[in-house]
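**Q** Predicted model follows, preceded by the sequence.
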Amino acid sequence: MSRRVALITGITGQDGSYLAEFLLEKGYRVHGLVRRVALEDPEHHFQRINHIVEDIELHSGSLESFASLYRVMRSVQPDECYHLAAQSFVSYSFEDEFSTLNININGTHYLLAATHDLNPCCRFYFAGSSEMFGRACEVPQNENTRFHPRSAYGISKVAGFELTRNYREAYGIYASSGILYNHESPRRGYEFVSRKITSHAARIKLGLADRLPLGNLDAKRDWGHARDYVKAMWMILQQPEPGDYVVATGKMHSVAEFAELAFSHVGLNHRDFVTIDTKLFRPAEVDILQGDASLAKEVLGWSPEVAFEDLVREMVEADLRVHATAAPPCFQESRA
Ligand code: G4F
């Protein structure tokens with residue numbers, strides 16, 4: 001039997017790299033869309049996929065160029081397309097609403113249009129986000145909760161979600177969305193609060209830093225492990241019918257609790273090191289997100305395997321190793 005073919009946009013990111021590993025293990029031929037600049041500077045951009053780069057095929061293209069996505073879709077002819085690439089940092093979307101909306105909405109639209117035109121039997125996965133719920137009218141949120149996004153990022157994800165649903169309903173494309181809550185790992189970017197906390201806890205422990213500036217400590221999130229969540233993406237595309245699913249742990253913790261736990265793993269008290277930087281508060285905050293993944297459990301048979309405490313421990317331990325052996329990464333203090 002011939003191997004199934006998958007195309008992943010955002011393959012160099014946290015989720016893309018875990019998903020590529022997962023699909024290779026399942027016997028897929030894995031193709032990835034990467035920006036031309038990444039191909040020119042693989043050492044810097046391929047850190048998360050270096051170990052599998054010989055097993056996958058990379059294609060240059062940009063979410064801002066319909067022509068490039070069309071060309072890649074025509075050449076790869078995937079059975080499954082996982083659209084993960086996006087401007088995914090919520091905070092940055094307040095600094096540049098226009099590029100966030102352009103990249104996230106048009107990129108999704110271009111890919112859907114190319115799929116419809118060239119490869120209508122391809123199964124399409126859209127990376128939706130809990131940020132679509134924003135100022136949520138209920139806790140926990142499920143697939144029927146009304147959207148109330150609070151950032152250009154959240155708005156772009158609602159638009160991508162609706163485009164995906166409309167390609168399903170209007171053109172019969174097998175197009176599904178996962179509404180994923182925050183998911184982290186040692187591969188998380190340093191600009192997100194989880195990795196910012198674990199890397200600072202490690203650096204402070206090693207004497208490489210002496211404080212951790214944070215914004216809103218009271219925000220609550222439903223944090224899971226990225227490896228668990230990419231499995232849900234694949235399961236979503238294996239269903240007989242397309243659909244939309246909340247993917248979450250159902251457990252909620254504050255940023256302060258995350259910091260407390262991370263610092264306690266290195267024998268420190270976060271209160272001695274965390275400072276509040278008002279520049280890191282967002283113009284419109286999402287205070288509480290907690291998902292109800294009952295549908296995913298019932299229909300997909302999916303449930304998370306990694307507990308919050310184990311996730312934080314894994315990240316802190318990985319950061320202790322990173323900072324004990326390597327040059328520290330560049331930290332983006334503003335709005336990070
Ligand atoms: O880690 P964050 O930047 O993640 P956020 O905004 O919840 O978004 C992440 O999860 C979404 C849902 O899955 C994704 F769609 C999205 O792409 C991204 O992966 O911030 C989490 C919370 C926020 O409430 C923020 O205000 O932490 C608060 N926070 C407090 N101090 C901080 C900081 N966030 C960051 N990034 N940096 C801080 O210093």
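**A** Happy to help now that I have it. Numbers count the residues shown, from 1 in each chain.

**Q** ok, the nearest residue to residue 34 once chain neighbours are set aside - how many residues close by?
**A** Of all residues not flanking residue 34 in the chain, residue 58 sits nearest, at 5.1 Å (C-beta to C-beta, 6 or more residues apart in numbering). Every C-beta, even on glycine, is put in place using the N, C-alpha and C of the backbone. If you count neighbours by other C-beta atoms under 10 Å, residue 58 ends up with 18.

**Q** before we move on, what about residue 65?
**A** Neighbour count of residue 65, defined by other C-beta under 10 Å: 13.

**Q** For the ligand, see how far away it is.
**A** As judged by C-beta to the nearest ligand atom, to the nearest Å, residue 65 and the ligand stand 22 Å apart.

**Q** Check residue 223 too.
**A** Residue 223 is 9 Å from the ligand, by C-beta to the nearest ligand atom.

**Q** In this structure that residue contacts residue 183, no?
**A** Yes: using C-beta atoms under 8 Å, residue 223 is in contact with residue 183, at 7.2 Å.

**Q** Check for me that residue 312 belongs to a helix.
**A** Yes: under DSSP: H, G, I helix; E, B strand; the rest coil, residue 312 falls within a helix.

**Q** Which residues are in contact with it?
**A** Residues in contact with residue 312 (C-beta atoms under 8 Å, 6 or more residues apart in numbering) are 194, 198, 258, 261, 262, 265.

**Q** For the fifth one, which non-adjacent residue is spatially closest?
**A** Translated: residue 262. residue 201 (4.4 Å).

**Q** Please determine how far that neighbour is located from residue 195.
**A** Remark: distance between residue 201 and residue 195 (C-beta to C-beta, to the nearest Å) = 11 Å.

**Q** more neighbours, the two?
**A** More neighbours surround residue 201 than the other of residue 201 and residue 195, with 28 against 22 (other C-beta under 10 Å).

**Q** And what about the more buried one, helix, strand or coil?
**A** Following three-state DSSP, the label given to residue 201 is helix.

**Q** tell me the contacts of it?
**A** Contacts of residue 201 by C-beta under 8 Å, 6+ apart are 212, 259, 262, 263, 265, 266, 268, 270, 316, 319.

**Q** Give the closest residue to residue 61 in space, chain neighbours not counted.
**A** residue 68 (3.8 Å).

**Q** Ok, residue 248 next?
**A** Residue 248 sits nearest to residue 291 (C-beta to C-beta, 6+ apart), 2.4 Å away.

**Q** Dig out what that neighbour forms beta bridges with.
**A** Counting by DSSP bridges, residue 291 forms beta bridges with residue 141.

**Q** Repeat that for residue 58.
**A** Here residue 58 sits in beta bridges with residue 32, as judged by DSSP bridges.

**Q** Name the helix or strand for the residue nearest to residue 61, please.
**A** Using DSSP states H and E, the element containing residue 68 is helix 66-76.

**Q** Quick check: next helix or strand after that helix?
**A** strand 80-83.

**Q** same for that next one, what does it pack against?
**A** strand 5-9, helix 107-118, strand 123-129, helix 226-237 (3 or more C-beta pairs under 8 Å, 6 or more residues apart in numbering; DSSP states H and E).
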